[in-house]
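Enquirer: Next come a sequence and a model predicted from it.
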Amino acid sequence: MDPQMSPTPDYIDYSMSEPCQKTNVRQIASRLLPPLYSLVFISGFVGNLLVVLILIKCKKLKSMTDIYLLNLAVSDLLFLLTLPFWAHYSVGQWVFGSVMCRLLTGLYFIGFFSGIFFIILLTIDRYLAIVHAVFALKARTVTFGAVTSGVTWVVAVFASLPGIIFTKAQFEESAYSCGPYFPAMQYHFWKNFQTLKMVLLGLVLPLLVMVVCYSGILKTLLRCRNEKKRHKAVRLIFVIMIVYFLFWAPYNIVLLLDTFSGSFGLNNCSSSNRLDQAMQVTETLGMTHCCINPVIYAFVGEKFRRYLSVFFRKHIARRLCKQCPVFYREAVDRMSSTYTPSTGEQEVSVGL
């Protein structure tokens, strides 16, 4: 469950003149969120774990793109690890204590922000590889990728600090809750600050970077003589932008409406309940982007799919069928004969 929302049955919305009971919201959440969170957790965990294993065991982290893909997968895994706890919380009260409340909230926000930042870095990386190919040969190194990744994690931690500091477990009415508790005198300031930060860093910034970078990429690809490769790359670019917008824009819009409900004439109990229900649905939709990331940034590339085939044959098929070594031997032979450094890098730069 979203750590920004107070999940207690008798939650009081301080933005309203009278207390607003949200029991119905809690009842819907207890039925809807556990199966959805479980599905997102299982599919996202398997997909991102496969990305990590393939990047380390097969690709050996030989390029800056590999470094960013690895960190993106780790970000998604951190984010996903918190879902079983929020799923349990949506059914009853918080039973894991104050330390776990802050720790899981921290992992949630750090995974959220770092995932967005690494998507931005992957976008810039692809822009450099295609639009400024000569400069990219010197700039796109493993060392530079590792350094920028370290800086990105530090920035993600700082972006998460307000959410971590104001979150705690507290006994209210008849149950323990885990959520943000802003100082009463500064409640509106911190709530507005958190929302604007989420929207600017989580939607506006990545979309702005995507539009600028992919516009330059499209201009370059349209001059490409290889029509088949051009169409494939252009299609991939539009998929990345559209998918990101469709998955995260609804949540950010609802978050804005909820935070500034008074400005939109939604500061009544009925509207607040509907906004909270919309928040649950749209946030779950946004969370599923963790499951889509491996598909878009890794498995969609032909090279990565073949690495996946090699990994399966070499590390899984061999254990399941010890009498069938021919499968993974053939796969390794095909990879060694098919992929040269030059052809491999060309596919990474265009379609990962």
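Expert: That came through, no problem. Remember, predicted model here, so these are calculated numbers, not experimental data. Numbers count the residues shown, from 1 in each chain.

Enquirer: So Ala169 is in contact with Ala175, correct?
Expert: No. Using CB atoms under 8 Å, Ala169 is not in contact with Ala175; the gap is 10.8 Å. For every residue, glycine as well, the C-beta is placed using N, CA and C.

Enquirer: More neighbours: those two, which one.
Expert: More neighbours surround Ala169 than the other of Ala169 and Ala175, with 19 against 15 (other CB atoms under 10 Å).

Enquirer: ok, now which ones touch that one?
Expert: Trp94, Phe96, Gly97, Ser98, Met100, Cys101, Tyr176, Ser177, Cys178 (CB atoms under 8 Å, 6 or more residues apart in numbering).

Enquirer: Show me what it bridges to in the sheet.
Expert: Beta-bridge pairing for Ala169 (DSSP bridges): Cys178.

Enquirer: Excluding sequence neighbours, find me the nearest residue to Ala156.
Expert: Ser114 (3.8 Å; CB to CB, 6 or more residues apart in numbering).

Enquirer: Ok, Phe118 next?
Expert: Nearest to Phe118 is Leu72, by CB to CB, 6+ apart, at 4.1 Å.

Enquirer: Now for the one you found, how many residues are close by?
Expert: For Leu72, the neighbour count with other CB under 10 Å is 26.

Enquirer: isn't it right up against Ile292?
Expert: No. Taking contacts as CB under 8 Å, Leu72 lies outside contact range of Ile292: 11.7 Å.

Enquirer: where does the protein have low pLDDT?
Expert: 1-25, 226-234, 236-237, 301-302, 315-352 (pLDDT under 70).

Enquirer: What strand or helix carries the residue nearest to Ala156?
Expert: Element membership for Ser114, per DSSP states H and E: helix 97-131.

Enquirer: what's downstream of that helix, the next helix or strand?
Expert: Counting by DSSP H and E, the next helix or strand C-terminal to helix 97-131 is helix 133-139.

Enquirer: How about that following helix, which residues are buried there?
Expert: Across helix 133-139, burial judged by 16 or more other CB atoms under 10 Å covers Ala136.

Enquirer: next one: stretch 263-280
Expert: Applying 16+ other CB under 10 Å to stretch 263-280 flags Leu266, Asn267, Ser271, Ser272, Asn273, Leu275, Asp276, Gln277, Ala278, Met279, Gln280 as buried.

Enquirer: Grab the nearest non-local neighbour of the last one.
Expert: The shortest distance from Gln280 to any residue other than its chain neighbours is 5.7 Å, reached at Ala29 (CB to CB, 6+ apart).

Enquirer: could you say what helices and strands the helix or strand harbouring that neighbour packs with?
Expert: In this assignment (DSSP H and E), Ala29 forms part of helix 23-57. Applying 3 or more CB pairs under 8 Å, 6 or more residues apart in numbering; DSSP states H and E, one finds that helix 23-57 contacts helix 64-81, helix 83-91, helix 269-287, helix 289-294, helix 302-311.
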